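Asker: This is the structure alone, sequence omitted:
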């Protein structure tokens, strides 16, 4: 499970240090792809496989086909180097508007990589709704 918020920086080669607490879990490889709200999703290879299997069935709905095409076409498999860095491909950096300061957030089964300013803006917009959420949002959970 991925938790917390971390603030690494991209270097001039588009490399990012993974949070130290997740390096062992991701050492065997990971997949980076486009996520919603212009962030990047980072999945351990095994978790990405679970998603790929779920999307393997023939897609009769156009929205599912469209989503799958973008999701898989933009995916990049990466292996962290010995220092725990991954290279984020230029097209993915452009999609998420990543320049230097990043926010890497834990999102349960994945990490998300955001431009720091975009993350702060998103969080500011969502925190009031989060604090006001009632049981109807997550029935039986909270």
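Answerer: Good, I have the coordinates. In this text the structure is predicted, and so the values were computed from the model without any measurement.
Asker: make it CA atoms for all contacts and neighbour counts henceforth
Answerer: Will do.
Asker: check contacts around the most centrally placed residue in the chain.
Answerer: Central residue of the chain (C-alpha atoms, centre = their mean): residue 41, 1.9 Å from the mean position. Residues near residue 41 by C-alpha atoms under 8 Å, 6 or more residues apart in numbering: 31-35, 110-113.
Asker: Can you classify it by secondary structure?
Answerer: strand (DSSP: H, G, I helix; E, B strand; the rest coil).
Asker: That one pairs with what?
Answerer: residue 33, residue 112 (DSSP bridges).
Asker: Point out where the chain drops to low pLDDT.
Answerer: Filtered on pLDDT under 70, the chain yields the residue ranges 134-142.
Asker: So which residues of it form strands?
Answerer: For the chain, the strands defined by DSSP state E occupy 5-6, 15-17, 30-34, 40-44, 76-78, 85-87, 102-107, 110-115.
Asker: Tell me, how many residues neighbour residue 31?
Answerer: Look at residue 31: counted by other C-alpha atoms under 10 Å, it has 21 neighbours.
Asker: And for stretch 60-72, what's in contact with it?
Answerer: Outside stretch 60-72, the residues touching it (C-alpha under 8 Å, 6+ apart) are 33-35, 55, 59.
Asker: if we go to 6 Å?
Answerer: Stretch 60-72 has contacts (C-alpha atoms under 6 Å, 6 or more residues apart in numbering) with residue 59.
Asker: Check which residues of that stretch are buried.
Answerer: Residues of stretch 60-72 classed as buried: 68, 71 (neighbour count, 16 or more other C-alpha atoms under 10 Å).
Asker: Good, we can wrap up now.
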